[in-house]
Each structure stands twice: as structure tokens, then as C-alpha cells.
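Here is my input, please return the structure:
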Amino acid sequence: MIVENRIKERRKARGLTLKQLAELIGASNQQISHLENGRRRLSVEWMHRIAEALECQPSDLLVEPGKPHDVRERAIIELFREMSEEQQEAFMQAMTALAKLVKLRDEAVVRG
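Purely as a prediction, here's the structure:
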């Protein structure tokens with residue numbers, strides 16, 4: 001059984017390329033890619049090797065059971081992490097303004 005994992009998310013958070021992670025743990029780019037995308041089973045051995053390279057706990061590589069895994073949320077997080085600090089600040093300002101507008105709209109609808 002293939003278990004969904006957060007290897008790619010953790011790798012990007014550490015600022016590593018796929019190739020760099022592969023080199024750190026003595027694996028090929030293809031092996032890491034297959035592990036990240038669920039095309040290869042993540043064994044306990046692989047999990048420990050990758051966790052050590054990413055400086056995290058092995059459990060951090062797994063999607064928490066019972067918690068909804070929202071694809072949209074992950075997509076936003078990945079986009080955000082790829083932005084410069086300046087872009088992140090502009091994004092946060094835009095999202096804050098948008099959230100306020102949506103709240104005002106919803107309040108206006110409720111009031112009729």
C-alpha cells in the first residue's frame with residue numbers, strides 16, 4: 001500500500017532540490033521522485049534516511065491521519081514558498097484585503 005507523504009513539501013521547505021536530497025541520502029533523482037509522488041513505497045528505512053537529511057522526525061513526512069488533506073491549501077503553500085520575501089508580503093496584503101472584502105460581502109448578504 002502506498003501512503004501519502006510530505007517529502008516534497010519538507011524538501012522544498014528546507015530549500016533543497018530533488019537532486020540535492022538524492023545526493024544527501026545516496027539515492028538517485030528517480031528514486032526520490034518516485035517516493036515523493038507515491039510511485040514507490042516509503043519504507044521505514046527510506047523514511048529515516050530522508051528525515052535525517054531533512055532534519056525532521058520521520059513522522060513529519062507522513063500526512064496526519066484523520067485530518068483532511070486539502071489540495072488547494074497545499075497548492076497555495078507551495079506557491080507562497082516559491083515567492084521572494086517581497087512577493088510574500090504583497091501576497092499577504094492582497095489576501096488580507098480580499099478576506100475583509102469577502103467578510104463585508106457576507107455581512108451585507110445576511111443583512112439583506
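
For residue 33, which non-adjacent residue is closest in space?
In space, and not counting its chain neighbours, residue 33 is closest to residue 18: 6.2 Å by CB to CB, 6 or more residues apart in numbering. Quick note: C-beta positions are derived from backbone N, CA and C, even for glycine.

what does residue 10 give?
Residue 10 sits nearest to residue 54 (CB to CB, 6+ apart), 4.9 Å away.

Could you tell me which residues make contact with the one you found?
Residue 54 sits next to 7, 10-11, 14, 16, 21, 60-61 when contact means CB atoms under 8 Å, 6 or more residues apart in numbering.

could the residues you listed be laid out in TSV, adding secondary structure?
Rendered in TSV, the data for the contacts of residue 54 read as follows (DSSP: H, G, I helix; E, B strand; the rest coil):
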residue	secondary structure
7	helix
10	helix
11	helix
14	coil
16	coil
21	helix
60	helix
61	helix
